[in-house]
Each structure stands twice: as C-alpha cells, then as structure tokens.
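With the sequence up front, the predicted model follows.
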Amino acid sequence: MTSPEPLRREELLELLRSRWQASYDLQLVQRRGRLYLHVMWGYLEQQSFPLTPEAYEAHLEELVGSLNGLGVASQVRQWLRTTTDKPRLGKALSLPLELPAGRASEFML
C-alpha cells in the first residue's frame, strides 16, 4: 500500500504533536527479517533528550527519506493518525512495516 504523496518532515512532526502533544523520537529497527518503525519514549521537549532541535529535525528528515524510499508513507500516516497507544518509559510503540515486493531486500543487507 504505497502513497502517491511522499511524507514530509513537517507532516510527520505535526502527526506526532497532534497525537501525543510531544515530538517523540522515531527509529527504524530491523528484527528477524522484519522492519519496524518505533516511536520511542524520549521526546524533544524533554530536558534530558540527547538531540538538539536541529539534530532532531535532521534525524526526522533522514527517516522520512527512508520511509518514502521504502514506499510505506501511507502506512505510517494512517497508523500515527489512528493508534490509541502511547509511548511509555522503557516501552516503544512498534509499527511492523509492510514493505512492497522487492523493497525489503534493498533495505535489509
């Protein structure tokens, strides 16, 4: 399920802030041959968050490039709009990404 419209960093940030009122850290994680998008429990507005606002934006920009390249923008959009879960300390939210045929082998080496 690919989206004709690529995901943008600004849109991703807005989705996070509208869902949880915080700019959570996002990570792509590979486990047992599957790829997951994790919404981590750390967020930009936290005093102890390790990234500067500029580094966080650069990280999101890189992540958005990967998500668009994998063809999963619409999955991510839909999940962030509809999930009722919330990241908790020590427990990330996890979206198993359904990659279009051929994309998994390109990404996972």
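Yep, it's here.

Could you pull out the strands in this protein for me?
Ranges of strands within the chain are 24-31, 34-43, 93-96, based on DSSP state E.

And those strands: which comes nearest V72?
Among the strands of the chain, the nearest to V72 by CB to CB is strand 34-43 (7.9 Å). Using the backbone N, CA and C atoms, a C-beta is placed for each residue, glycine as well.

Quickly run through the sheet partners of that closest one, with directions.
strand 24-31 (antiparallel), strand 93-96 (antiparallel) (DSSP bridges).

Restrict it to CA atoms and write it as CSV.
Taking Å, rounded to 0.1, in the frame of the first residue of the first chain, the C-alpha atoms of strand 34-43 are listed here in CSV:
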residue,chain,number,x,y,z
ARG,A,34,11.2,-7.6,9.5
LEU,A,35,11.4,-3.8,9.6
TYR,A,36,9.6,-1.8,12.3
LEU,A,37,9.0,1.9,13.0
HIS,A,38,9.4,2.5,16.7
VAL,A,39,8.0,5.6,18.5
MET,A,40,10.4,5.8,21.4
TRP,A,41,9.6,7.2,24.8
GLY,A,42,12.1,10.1,24.6
TYR,A,43,10.9,13.4,23.1
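
Against the centre of this structure, work out the most remote residue.
Q47 (21.5 Å; CA atoms, centre = their mean).

lowest-confidence helix or strand of the chain?
In the chain, no helix or strand scores lower on mean pLDDT, DSSP states H and E than helix 103-107, which sits at a mean of 57.

just checking, what packs against the longest helix seen in the chain?
Counting by DSSP state H, the longest helix found in the chain is helix 53-70. Applying 3 or more CB pairs under 8 Å, 6 or more residues apart in numbering; DSSP states H and E, one finds that helix 53-70 contacts helix 9-20, strand 24-31, helix 103-107.

mind checking which of the ones you listed is nearest V76?
Among these, helix 9-20 sits nearest to V76 (CB to CB), with 7.6 Å.
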